[in-house]
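>>> structure here, sequence nowhere to be found:
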């Protein structure tokens, strides 16, 4: 009996091993496939990140350079309408358009600076040609001339060389040629391209760092548009958000972790905070619109409003991360402090909060980075206005960097799209700095209690 | 869009920020004086422990005496101020104006205020005399109000300060009193979240109720035609607009579904690989890099979707002979999927890590391969957490705004074809509320009704996610 049984079991065993062996190759292939899916998923994520960054950099790096055109302008007092060179007002209101136009047209009508191969341009230009010629220089160029003259009034009636900002179409054309392309012909006609080619041949065209982009506000002309006012608006908003969210968030976290009794009210507050953290940001915009603007009649488009809405949006995240930091402080610290006779407030303020501070700061900085990049609620409270001036305070109408990106990305002009990607690069630089700071803080100040 | 850069008459007298700064300065002074007084009392008594609390608690108490009443007065005044002046202006306007409906009176009051604050802003318009007159009165009252606020605050500062001074006696339990105020302050901060929730519910609900007075709730939820734009003029044909939100719901679902098709496999598989296969070093490098995807602002993804992915998909479609819209749901959905990969992966990663090693060891000991262990043991054990992570990611996708505003379409098409352009709830909220708007038209109010729907849906998703985790989670300890 027992012999027979063991025989059967041996036969079965062999059978099982055979079965296992037979399936093993298949199972190993499945194992390998599964692993490959995992690697594939990670590679997919990394590839998306790489494509995203390289796409934005390749679209936007051009905006950091600016094309300028060298032009010798005669600051003729008659054309400028200046009879008294000492009068600031006259210099400020002088007719710089006229001298610039004169300088541009003179090049072709007298042929003074022309190369030989365009001899046919010696004939007088038609009115249309003149207009097209003027369009090659930015409308902001007159400010360059005016600024120089008001700084050095003695230049009046002299011929002075200026590097003037080119129009955005010229800018695109020149950049394209310099990168080995043939030039976009869509926005410049044949004649205009020829003029620009001549300037390039004469070395009258140069590329310099685009400081306008960092020093001026929004503009209808891409070559004069900058992110300064949007950046300042964003920083004001961030200031309000930090000033309100950080103390309130810490206080709320301290209450929930250290003071609150386990009861219905506390549960209700906790559920509320967790839910708010997952509410879409646009809903906070609706809240700002209906309550702050509709009910309390606060002004639209000001950094204070934007900061308030972002505060309400960021608060739950900060409370949650601060609570985690407070939880990480071991109870023995509290017990030791109580044992020495400290009161509850002293335990919290002298021991728990200082020890939890690195963790709370790390969480807070990451929350503020999210707030800095937030766009949707700002659209709701009217921060999409066209703002040229740099805001001077919390109650001045302003824009925000992400909103500026949104507005420029919507614009049909190529040069604005380029500026939009450049603004994205600036925004990402800020975010990376903030996140890097958070990581550094965690390494530097974090401590373990083991 | 408008250009705002005009500065009107500045109102003089002490403004609210100045008052708050003065109050805070007084509080600092009160703190120092209060602390010194307490120390002096102890010194004169000749022994230190005559005081109930440490001297600085008396200082803090005096400072609180100063700050709290004054801040309360300033806040209350600023809240009521507008209302009182508004009512007063209305009383000043002639009877013919007062007989107008509320919204017109509101408009008139705004005209009055604008005329008073920016007298030169509206060149060419000649407002009637009574408006100018009311404007002058408005300015006078505004100044009067600010002046009396200044006086009231300064008097109450003095009063509170002297009361606080007299309050300092050795037997006063200063520490307990300060700690009680501290605790109330903490509770106040914690309840701001509740107030925010109430604010959201009230604002969205009330405006939605007003919307549902003019549009039937069922027409809104089950209607298949959405064109709010026609509601601009009363005399127009079809002026009432069509508010059937089904195309929006469908568009939102379509884009979110595409996003989840990308995010769930990619997020889940990368979480599995990172927590089960990868070496600690690989994990420590790759995980933070993948999480960068979650830190990139959505406006950047929107830019990428609208200017790179959408044209690319259209070109590919042209090559294949397909007719692809340049605002296809596919482009927005794909990019949104990439954005939520880290949400899925980091939430799943946490729960996979929480599955005890003994389960894996048991399965491996029985001869299962690693992938079989993962598929048959680890994932089932972690399933509640994974499902809840996916639900949270879905709620993120439904509420995501900037990607769809920039890359999805505006026209409401009732379609599930991912190559066509669809519109979503969030896109419509933004288009309806950005730019010039009248607060009372159904067109504007419909945005709030859509917001209510969005809020309810995300709330339900979050609740279900929490419920799944709480009720189906295995406890291994």
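Structure's in. What do you need? Everything quoted here is computed from the prediction, not taken from an experiment.

>>> when you work out contacts or count neighbours from here on, use the C-alpha atoms and nothing else.
Will do.

>>> and chain B, what are its domains?
B:16-172, B:242-472 (automatic domain parsing).

>>> pick the most deeply packed of those.
Most buried of the domains of chain B, by mean neighbour count (mean count of other CA atoms under 10 Å in any protein chain shown): domain B:242-472, with a mean of 21.

>>> what distance separates the start and the end of that domain?
44 Å (CA to CA, to the nearest Å).

>>> and the contacts of the helix-or-strand element of chain A with minimal mean pLDDT?
Within chain A, confidence by mean pLDDT, DSSP states H and E is lowest for helix A:88-93 among all helices and strands, at a mean of 75. Helix A:88-93 has contacts (CA atoms under 8 Å, 6 or more residues apart in numbering or on different chains) with A:81, A:82, A:84, A:85, A:146, A:149, A:150.

>>> shouldn't residue B:392 be within a helix?
Yes: counting by DSSP: H, G, I helix; E, B strand; the rest coil, residue B:392 falls inside a helix.

>>> what does the stretch 301-450 of chain A put close to chain B?
Within the stretch 301-450 of chain A, the positions near chain B by CA under 8 Å from any CA of the partner chain are A:312, A:315-316, A:345, A:369-370, A:373-376, A:379-380, A:382, A:384-387, A:389, A:397, A:402, A:405-406, A:409-410, A:424, A:428.

>>> rewinding a little: quick one: list the elements packing against the helix or strand just after the least confident helix or strand of chain A.
Once the chain leaves helix A:88-93, the next helix or strand it forms, by DSSP states H and E, is helix A:96-110. Secondary-structure packing of helix A:96-110 (3 or more CA pairs under 8 Å, 6 or more residues apart in numbering or on different chains; DSSP states H and E): strand A:65-74, helix A:77-80, helix A:127-134, helix A:141-151.

>>> average pLDDT for helix A:96-110?
Per-region confidence: helix A:96-110 scores 77 on mean pLDDT.

>>> stretch B:184-201 near chain A at all?
Yes: applying CA under 8 Å from any CA, one finds that stretch B:184-201 is in contact with chain A at B:185-191, B:193-194, B:196-197, B:199-200.

>>> likewise stretch B:323-342?
Yes: Stretch B:323-342 reaches chain A (CA under 8 Å from any CA) through B:338, B:341.

>>> from the chain's centroid, how far away is that stretch?
Distance of stretch B:323-342 from its chain centroid, counting by CA atoms, centre = their mean, to the nearest Å, is 25 Å.

>>> stretch A:328-337 now?
Computed by CA atoms, centre = their mean, the chain-centroid distance of stretch A:328-337 equals 42 Å.

>>> same question for it, mean pLDDT?
Computed over stretch A:328-337, the average pLDDT equals 93.

>>> how about stretch B:82-99?
On average, stretch B:82-99 scores 74.

>>> who touches that stretch?
Residues contacting stretch B:82-99 (CA under 8 Å, 6+ apart): B:105, B:109, B:130, B:131, B:134, B:137, B:138, B:141, B:142.

>>> show me what the strand or helix carrying the second one is packed against.
Of the helices and strands defined by DSSP H and E, residue B:109 is found in helix B:102-117. Contact partners of helix B:102-117 among helices and strands, from 3+ CA pairs under 8 Å, 6+ apart: helix B:55-92, helix B:129-167.

>>> tilt between that helix and helix B:55-92?
110 degrees (axes from the mean of the first three to the mean of the last three CA atoms, to 10 degrees).

>>> right, I'll call it a day here.
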